[in-house]
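Trainee: need a structure here:
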Amino acid sequence: MSVSATIRDAYALGLTADWIINNWGFDENLPRLAGDAAEGVMNYKNMDIVVKTAKKYNPGVPLKKRLIRTIQAWGDAMITWEALKPGMEERQIPGSGTGGP
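Mentor: Numbering: from 1, shown residues only. Reported below is the predicted structural model:
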């Protein structure tokens, strides 16, 4: 919400800026909260990538029920999984594989 308020207030004051927002600053609420001020915000236009990824990993969930935070959680889980794989393959992580610790 603070991102949308900042963008909206700057827009109302006539300030021109290039807004680059990371995934924690934009979600499905940004256009609703910031209104016209959200036009041209970098990363807002990449929402299509978020929607595409959500459809790929959970095709049974309707668009209205999808949240960017769910995709972030899946991304975090996949990054963790990829980071653990080498140690699991070499059995350096206790409990990985069939033998236990």
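
Trainee: going forward, measure contacts between C-alpha atoms and count neighbours the same way
Mentor: OK.

Trainee: so who does the nearest residue in space to Asp18 that is not next to it in sequence touch?
Mentor: Sequence neighbours aside, Val41 is the residue nearest to Asp18 in space, at 7.0 Å (criterion: C-alpha to C-alpha, 6 or more residues apart in numbering). Val41 sits next to Asp18, Trp19, Ile20, Ile21 when contact means C-alpha atoms under 8 Å, 6 or more residues apart in numbering.

Trainee: Most neighbours among those residues, which one?
Mentor: Neighbour counts for the contacts of Val41, by other C-alpha atoms under 10 Å, peak at Trp19, which reaches 15 neighbours.

Trainee: Tell me how far it lies from Asn58.
Mentor: 30 Å (C-alpha to C-alpha, to the nearest Å).

Trainee: Give me the contacts around stretch 60-72.
Mentor: Stretch 60-72 is contacted from outside by Asp27, Glu28, Val50, Val51, Thr53, Ala54, Lys55, using C-alpha under 8 Å, 6+ apart.

Trainee: Does Ala77 lie in a helix or a strand, and which?
Mentor: Using DSSP states H and E, Ala77 maps to helix 68-89.

Trainee: Average pLDDT for that helix, rounded please.
Mentor: Per-residue pLDDT values across helix 68-89 average out to 79.

Trainee: Low-confidence stretches in this protein?
Mentor: Within the chain, the stretches with pLDDT under 70 are 1, 43-47, 50, 91-101.

Trainee: And the helices in it, which stretches?
Mentor: 2-12, 30-34, 47-57, 68-89 (DSSP state H).

Trainee: got those as TSV, with mean neighbour count columns?
Mentor: Below are the helices of the chain laid out as TSV (neighbours: other C-alpha atoms under 10 Å):
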stretch	mean neighbour count
helix 2-12	15
helix 30-34	16
helix 47-57	14
helix 68-89	13
